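**Q** Okay, structure incoming, though there's no sequence with it:
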């Protein structure tokens, strides 16, 4: 038997089903599935994706037997629809559409109204009694076919489309202002002129034979799989070229055949809130494109779907109650069948309902949660199925303000530049260019009485800017990648951030930035930034505040029942720790002590320590810092009562704590009463070619053991005090940037000694662990030795591990990252999702070696990847004990972990 | 039977032998071996290192039976020497010395003249008839014993030694100016006062019993194994603490008993030139210390050993012809026995020759070569034994000028600072502070008519300084590590270099540098630098020029017969290529194209290319560079006729080619006729946080494919032209900084395309390979995929691989490297010798994965480690096809490879 190349649907027999997406494409499979449910689907057939693959494999030739199978399927369509393709009395018209395994909206070609010619038009007029409609369809068909199939297009980008140009000329000659004024005769003349255009351009006539038209359209759809925009889209979205597209040929139905015709789209629940009512829009006497294109304002299908627009007086429910009832029944049937909210398209042709599309509906994060929870309550899905329903990334949407995308102001927003979507959420404020200004603005109320909202705009940010970043609504930088300082800190704080925008040039002196298109935005001007899309928008846009519905808590309850791995948070303050705990964090996986060093009450002591000539000077300054650090830790211990708190000893290069501008140095020298040349020299001496690879991490603690000592003392004294107040404290002290086991051993020695001293002073036996970051390739390679040297836990610092494994500075990758992504060199930005192929190998080696030395070694991750779903799955599958991420990512990590656990069952 | 703890030698029976160094220590084993050869060794015994280990394992208690075994051995000594320990008529005096498995000169304690007391002194006087000598010995003994065994020392660093202070007071009271004026009675009184000092300080009497003295001395020697300076020395030299020391107790012989007594040291061949004659010095009526301490000028043992010093009138040969003849016989016997040049110590006591020491003699590199070659000719050793005789590093000495260490000016040199011994050799010149000045000075002849000799002093060097570095005799930098730009380039050029000297502060404005001790050296002042020791010396020192003796070629002939792996060179010019070829290089393993970019005739074109706005501008500038690069390659291909030449495409960040000072930018803007703000902005845009991890390597070629294209064209056009001139060309094109196989694939595509184009243009079929550096951890981890993407060879770039694996910038490691080395965190600087434990694992993974994809994949190394012997051995043992290193290291690498091959046989 010959291979089956064509699958019929909607007639006497439906060959395919919903699960056959690979073979029939998404559209074809969904149509088949609806037909199997006996829904009113216009009959048709699908030519499989395998035909597409063969077509390209054999130099654009079709496989044997396709002709026959198409002819047979067409016959069965004719029988089902009761019309004949090419018949002048009762003509069947068909559409021809692409349909790949995954949706590639608008990328490939479509041809409608196939089967019309000077002969069959008569039958269409007779059937419809509407010659103008028939000629308009004919005119559209010749235009579309001439363009898509025959390739008659504008010759240069500047020329007008030749078909449009013919029509505009006619309208001008006749003095018409709209297409609606074209008469039947005008349309008839247009058909003629379009055909002449084709003859002139191509020296071949327009094909009058319907079968020729059909094969032309099928070929055009297959060919469109390889047009540049489709190829580019596939590359961008990681869709393999050999998947191919299917071709769907389907009987045309018309929603524009008069008052008893209509077309509409609907969701089986509200896609924006998730509420359980039928939500949709329709237009009478219109085609599907009219709804989508927004030429006429669509009308709600029922009262719940919104208010009637001006000029409309009835919802579909009121206008066509029978049809509406039928639709409501279909809604119920589809939801029960698919156990999920559906997005449907329908057309009503002269009082008959036809279903054209059905697929799982896109929804907002909060809608997704509500729908999943409701479906559990309705008994349609189980709790673990509900957990599987949400893409983890959707959860961040729920936790951050977003723009109101239904607001007209949003629709007409003016995007003046783009950058990296570095931290999601919507932010609106006046522009300022320094951290100080942001702080000041946040303090003083604006004319509306509310505190000033500001967007901090910097070339790049540094640790000195932290308070300003916190004070700002959002952050915009001109330089830096997805894990630049701005991006990392913003995500940690839950502040929206657009980073590394090469579209803007910042001029601090002028207190302004200019865009590529030449616009200038000055300090005080309002802008909005969309951290989820990387957009910079002129002016303020309305936002929707965060409201965590009860469903969120219920949903996270399902999640927590399923997930197995621990989820901690990266947090440096009691406030962040509390937020993360509310989100479900089960401890702190990374507390960066250096962020505390920037607090105004201590930064000068820190600087005095760095500038000191000798040990005595450093000790004196450290003694001042000690009580403050102790206070920080005490607050965090209290906030995390009963949960582990991982504290990293000082990590960044010292020069980050010092000013670099001459006038700041001068000011500092005066304030600290240190000679200016000394300040200048010390800062110069600390300057490094590659600070990422310089004097930082445990190297600091080895060169200046007194720093580690002070930090250990602050931790243990705080722990002792917290315990004396009844708080349960579980400190885990983490040594950064270890590459060799002896580095770890030297630092652990200090920590253990101080623990003993504080234990003796306070009379308490202090429980704590000492472990290390694994953030250098060498640490992963020497993991067994590091455990043998006493490490009690590992935390993979995959930011630095990615930087060193790739030899790639996150701050400097912006210059070529775009090109790399265009070329598809990396499937994903390795700073966003862990490079499992490369970095993952080192993690695997580290885990294997670490556990080979101690099979119960506690292993976690605290890099940015700890909140990335794919990376969380990697950690789950590699036996990690926990992942740690910034507070807003905690629910995301929990969800990813739960989904992994369910998949593994 | 009880365990043997004591081994006798030199008497009726010798228990040990030369191969028992682990048990008897080096000294004990050598004494035993000489005794076995029936040489006149004063009898004695060795207490084993195992006793030392037990002593420390059991809380400083000796193992059972030691007492008895020492007593027995002492008896046997008495018999052999014909004297009795503690006997007042015929006393035996003994020495007690440490002796570890490897020599630890001066680190541990020694006690001489043990056995003297108020009773036995009489016998000594009677035996020698020399009461003054006897009391002098006694006085020395009490002093030494009191100090070393009993611990009577100066109480603070500032106090004088208490024994010295007693003697100085006596001399002052008596009005003596030298020790020689002390009379017998004086010395007798000193013995008394010394004993009183001990009684006063310790409240115990000086031990009069010889056996007490002996056990006291043995205990002191064992104890000295753990004194801080010995522990520190072991840590520094990687000697395990549990090896322990042996203790050698030996009959005292005296070279200071009159005119028929003497003491001397000799080498069986000249240790400086290797010439085959007996070379030595002696002093009549003197003790060993006198020769070493240099109080009296020693006299040559024969005419060949040098001229008689003032006051001396006879060599040993003339003075004591019989003894000399006996020594000559011993010399012959020892060389035949050990088949190597020996370093011996001897004492003549009243006309009898005693041999005290014998070991393989230290020698210079050229002496080592000459001796090895001569020994082959003399039939004493085989060629492969000769190859094993040289430490590979010694060879660099031979190829570079060195200071004449015998010159008095050298001995009294003034070291004004130290830095890293970054590139060996001696350099002398006037100081200059810019590359330009160095070039100018090198051009103009000095007052002596010779071209100016200059030392280029910089804070650090950059690629712009290359010509100045070449023009200078040597390079001195204040910042940077062993693989800083200065160090790497200097080694490549064979220029001596002292790098990263934190002892100096360079002030360019003042054109001077100051040292820590406050000296100021100005431009034009003479200094000398010793690149092998890291010394900076005030004033010019005499150097010895390089003269490659015929023995060098013969020796390298042996080496080449043995070695199996290929040895290539890193070279960027025809001149260097020729030198390396002369040294035995079998191809170029790394030709850095960027060095050529700095040539004055093209740097401005390079800059124009970087500053260009668009592709057209870049192409225009590249078209200018093309013919020059083609010329470079042509020269190199000709120099390497018949050998492979590996050419790396552009690697460094572009900002390295641009000026950074405002006035240089201004000058450039004017010269190139480009607006200054544009130059400034472009330079600012190229600035990176961590250029090591930024836009460089293949990232450049991916962002600007036209650069790779131009370079490939230059290579292939040069290859075609060279072939047309009859030269055999084997180009291997190497893509740097690949981390992902797609990066490699994109670059290879360009190279292959250009090869086809040039092939078509020239009508030649071009043979070439395209491969990649493996210099990022990710490349090693993805090595199989990179081969599958078409890589035909790998070259491990272990400089960058070390930087990324450790997360350690070679330019910035100076600030903590010293502390790390003090703490012994790294056994060796990982930039000098490959970190086999960490980086080596990645190399192993890379080799394994690469070969798993193509089992005949060609694999080499071109980092600095390619010339480090230990790293060369690593490469040999991991199946590398070749190593590549700078020209002066080629013989070193060859030798290391030969030794590996011999070891493997």
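**A** Right, received. Where do you want to start? No experiment lies behind these values; they were computed from the predicted model shown.
**Q** and residue A:860, what is it in contact with?
**A** Going by Cβ atoms under 8 Å, 6 or more residues apart in numbering or on different chains, residue A:860 touches A:566, A:568, A:589, A:646, A:793-796, A:866, A:880-884. C-beta coordinates here come from the backbone N, C-alpha and C atoms, glycine included.
**Q** what's stretch A:669-679 in contact with?
**A** With Cβ under 8 Å, 6+ apart, stretch A:669-679 has contacts from A:604, A:607, A:608, A:611, A:665, A:666, A:668.
**Q** Counting neighbours, which of those end up buried?
**A** Neighbour counting by 16 or more other Cβ atoms under 10 Å in any protein chain shown classes A:607, A:608, A:611, A:665, A:668 among those as buried.
**Q** any idea which of these is the one closest to chain B?
**A** Closest approach to chain B among the buried ones among the contacts of stretch A:669-679 (Cβ to the nearest Cβ): residue A:611, at 15.4 Å.
**Q** who's in contact with the closest one?
**A** A:672, A:674, A:678, A:679, A:682.
**Q** try it again with 7 Å
**A** Each residue near residue A:611 by Cβ atoms under 7 Å, 6 or more residues apart in numbering or on different chains is listed here: A:674, A:679, A:682.
**Q** what's the next secondary structure element after the helix or strand containing residue A:220?
**A** Assigned by DSSP states H and E, residue A:220 belongs to helix A:210-224. Per DSSP H and E, the first helix or strand lying C-terminal to helix A:210-224 is helix A:228-237.
**Q** And the contacts of that following helix?
**A** Counting by Cβ under 7 Å, 6+ apart, A:104, A:107, A:108, A:224, A:241, A:824 sit against helix A:228-237.
**Q** Touching, residue A:539 and residue A:529? I think so.
**A** No - taking contacts as Cβ atoms under 7 Å, residue A:539 lies outside contact range of residue A:529: 11.7 Å.
**Q** neighbour-wise, which of these two wins?
**A** Comparing residue A:539 with residue A:529 by other Cβ atoms under 10 Å in any protein chain shown, the one with more neighbours is residue A:529, at 32 against 13.
**Q** can you confirm that one is in a strand?
**A** Yes - judged by DSSP: H, G, I helix; E, B strand; the rest coil, residue A:529 forms part of a strand.
**Q** so it bridges to which residues?
**A** residue A:427, residue A:536 (DSSP bridges).
**Q** That one and residue A:426, how far apart?
**A** 8 Å (Cβ to Cβ, to the nearest Å).
**Q** Identify the contacts common to those two.
**A** In contact with both residue A:529 and residue A:426: residue A:496, using Cβ under 7 Å, 6+ apart.
**Q** From what I see, residue A:301 and residue A:317 are in contact.
**A** Yes - here residue A:301 reaches residue A:317: they are 6.5 Å apart, a contact under Cβ under 7 Å.
**Q** pLDDT-wise, what's the bottom of the contacts of residue A:860?
**A** The member of these with the lowest pLDDT is residue A:866, at 94.
**Q** which residues does residue A:624 contact?
**A** residue A:605.
**Q** Backbone dihedrals for it, please?
**A** phi -70, psi -30 (degrees, to the nearest 10).
**Q** Equivalent analysis for residue A:349, please.
**A** Torsion angles, degrees, to the nearest 10, at residue A:349: phi -110, psi 110.
**Q** and what of residue A:281?
**A** Residue A:281 adopts backbone torsions of phi -140, psi 150, taken as degrees, to the nearest 10.
**Q** Kindly report the same for residue A:312.
**A** Torsion angles, degrees, to the nearest 10, at residue A:312: phi -100, psi 150.
**Q** what about residue A:348, distance to residue A:44?
**A** Residue A:348 sits 18 Å away from residue A:44, taking Cβ to Cβ as the criterion.
**Q** neighbour-wise, which of the two wins?
**A** More crowded of residue A:348 and residue A:44, by other Cβ under 10 Å: residue A:44, with 29 against 26.
**Q** which intervals of chain A have sub-threshold pLDDT?
**A** A:1, A:236, A:289-295, A:445-450, A:463, A:483, A:492 (pLDDT under 70).
**Q** where exactly do the helices run in the stretch 551-700 of chain A?
**A** Assigned by DSSP state H, counting those that start in this stretch, the stretch 551-700 of chain A shows helices spanning A:574-583, A:593-597, A:603-611, A:615-639, A:662-672, A:676-686, A:698-703.
**Q** orientation of the fifth one relative to helix A:615-639 in degrees?
**A** Put simply, helix A:662-672 runs at 90 degrees to helix A:615-639, going by axes from the mean of the first three to the mean of the last three Cα atoms, to 10 degrees.
**Q** and helix A:662-672, which residues are buried?
**A** For helix A:662-672, a neighbour-count test (16+ other Cβ under 10 Å) marks A:665, A:668, A:669 as buried.
**Q** same question, the fourth one
**A** Buried residues in helix A:615-639, counting neighbours by 16+ other Cβ under 10 Å, are found at A:618, A:621-622, A:624-626, A:628-630, A:632-639.
**Q** What number of residues are in the vicinity of residue A:443?
**A** A total of 10 residues lie near residue A:443 under the criterion other Cβ under 10 Å.
**Q** What's opposite the residue nearest to it when sequence neighbours are not counted in the beta bridge?
**A** Take residue A:443 and drop its neighbours on the chain: the residue closest to it by Cβ to Cβ, 6 or more residues apart in numbering or on different chains is residue A:451, 7.0 Å away. Note on residue A:451: beta-bridge partners residue A:445, judged by DSSP bridges.
**Q** tally of neighbours for residue A:451?
**A** Neighbours around residue A:451, by other Cβ under 10 Å: 13.
**Q** What about whichever residue of the stretch 1-150 of chain A sits closest to chain B, how many residues nearby?
**A** Chain B sits closest to residue A:56 of the stretch 1-150 of chain A, with a gap of 21.9 Å, by Cβ to the nearest Cβ. Neighbour count of residue A:56, defined by other Cβ under 10 Å: 17.
**Q** Contacts for stretch A:689-697 next, please.
**A** By Cβ under 7 Å, 6+ apart, stretch A:689-697 touches A:651-653, A:655, A:688, A:703, A:736-737, A:803, A:809, B:689-693, B:803, B:807-809, B:811-812, B:815-816.
**Q** and residue A:456, how many residues sit next to it?
**A** 32.
**Q** hang on, it packs against residue A:430?
**A** No - counting by Cβ under 7 Å, residue A:456 sits too far from residue A:430 to count as a contact (10.5 Å).
**Q** Buried ones in stretch A:215-232, by neighbour count?
**A** A:215, A:216, A:217, A:218, A:219, A:220, A:221, A:222, A:223, A:224, A:225, A:230.
**Q** what about residue A:163, helix or strand, and which?
**A** helix A:162-174.
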